[in-house]
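Asks: Please work out how this folds:
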Amino acid sequence: FFATPAIASVAVIAVLAAAVTLFAYRHRWHPPGALFAVFAAGATASFPATAATFGLVLLVGGASVIWSLVVTTVLALSRRASWRRPERTRPPIGPVAWEMTATVGVAALLAGIAGALLIGTHWYWAMVGAVAAVGGAHVTARLIRGVQRLAGTLLGVLIAAGLLALDLPPWLVIAVAVALQAGAELFVGRNYGIAMIFITPLALLMVSLASPVTPDLLLRDRVLETIVGVAVGTVVAIVSAGLRRRSPTD
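Replies: Just a heads-up that it's a prediction; the model follows:
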């Protein structure tokens with residue numbers, strides 16, 4: 001809408017990633033972290049907009065949120081007799097939380113800049129890959145997440161290539177996306193690598209539906225941006241772990 005340069009959008013989303021990471025840690029979100037916030041913000045920031053389309057986004061997005069809240073509320077009320085709100089203690093904001101916040105912010109910023117400069121298109125996929133690679137509290141968990149992100153993305157790209165080759169009509173693309181979303185929700189809190197097998201074709205189908213481009217470009221960008229993001233995130237995770245070990249407070 002304001003024709004913001006990609007680098008400026010990257011900086012804003014990196015700040016958002018850091019803030020959401022701290023908020024998610026404090027409120028013990030599951031799955032934790034800023035992954036989905038970065039994906040949503042990056043996807044919307046990468047599409048050109050006008051005053052008319054901006055209003056349409058607010059209308060459709062707002063209606064979707066309201067519908068989701070209605071469905072969730074109805075399901076919760078239907079199980080009210082057996083439903084009990086879990087008691088959760090909020091962890092204090094200490095060195096671990098601040099280290100996670102800084103790590104995610106720096107990884108997202110560097111990955112976004114690298115993705116925008118090296119590849120140019122779909123730079124936010126590099127940011128998502130980096131955030132995934134630094135999503136754990138310890139370096140081992142972060143390295144595992146990075147490997148899961150890369151392996152799951154590569155397998156998901158193969159599935160997406162087959163689906164895009166079918167040239168499905170829009171209504172069937174939406175039906176397939178709903179099925180993929182269900183699969184992603186089943187696994188995202190259990191095994192991130194398996195979840196990515198569903199999430200990757202889901203994202204690519206939605207992008208192709210919203211802004212049609214050649215499948216080859218779409219698949220290439222997904223692979224390259226993910227490699228860039230995971231590589232940057234892994235380096236930042238290792239450096240962050242080294243700095244933590246040197247910290248006198250540890």
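Asks: Val15: how many residues sit nearby?
Replies: Residues contacting Val15 under the criterion other CB atoms under 10 Å number 13. All C-beta spots, glycine's among them, are computed from the backbone N, C-alpha and C.
Asks: now Leu168, what's its secondary structure?
Replies: The three-state label given to Leu168 by DSSP: H, G, I helix; E, B strand; the rest coil is coil.
Asks: Test my guess that it contacts Val176.
Replies: Yes - using CB atoms under 8 Å, Leu168 is in contact with Val176, at 6.9 Å.
Asks: Could you list the low-confidence segments of the protein?
Replies: Applying pLDDT under 70 to the chain picks out residues 1-3, 49, 80-88, 136-137, 246-250.
Asks: Could you measure from the closest residue to Met196 other than its chain neighbours over to Val104?
Replies: Once flanking residues are discounted, Met196 sits nearest to Gly152: 2.5 Å by CB to CB, 6 or more residues apart in numbering. Separation of Gly152 from Val104 (CB to CB, to the nearest Å): 20 Å.
Asks: Same check on Thr72?
Replies: To Val104, Thr72 is 27 Å away according to CB to CB.
Asks: So if I had to pick from those two, which one is more boxed in?
Replies: Val104 (30 against 10).
Asks: Now the more buried one: closest residue in space, sequence neighbours ignored.
Replies: Thr21 (4.4 Å).
Asks: all helices of this protein, in order?
Replies: Assigned by DSSP state H, the helices in the chain fall at 6-27, 35-45, 51-78, 95-118, 124-133, 139-165, 170-187, 192-210, 215-246.
Asks: just these: most buried one?
Replies: helix 124-133 (a mean of 32; mean count of other CB atoms under 10 Å).
Asks: Point out the other helices and strands that that one packs with.
Replies: Identification of packing neighbours for helix 124-133 by 3 or more CB pairs under 8 Å, 6 or more residues apart in numbering; DSSP states H and E yields helix 6-27, helix 35-45, helix 95-118, helix 139-165, helix 215-246.
Asks: Export the ones you listed as JSON lines, with columns for distance to Trp67.
Replies: Converted to JSON lines, the helices and strands packed on helix 124-133 look like this (distance: least, CB to CB, whole Å):
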{"stretch": "helix 6-27", "distance to Trp67": "23"}
{"stretch": "helix 35-45", "distance to Trp67": "17"}
{"stretch": "helix 95-118", "distance to Trp67": "30"}
{"stretch": "helix 139-165", "distance to Trp67": "26"}
{"stretch": "helix 215-246", "distance to Trp67": "28"}
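Asks: wait, isn't Gly33 in contact with Gly135?
Replies: Yes - using CB under 8 Å, Gly33 makes contact with Gly135 at a distance of 4.5 Å.
Asks: Looking at the two, which is more packed in?
Replies: Gly135 (28 against 22).
Asks: mind listing what that one touches?
Replies: Contacts for Gly135 (CB atoms under 8 Å, 6 or more residues apart in numbering) come out as Pro32, Gly33, Leu35, Val104, Ala141, Arg142, Arg145.
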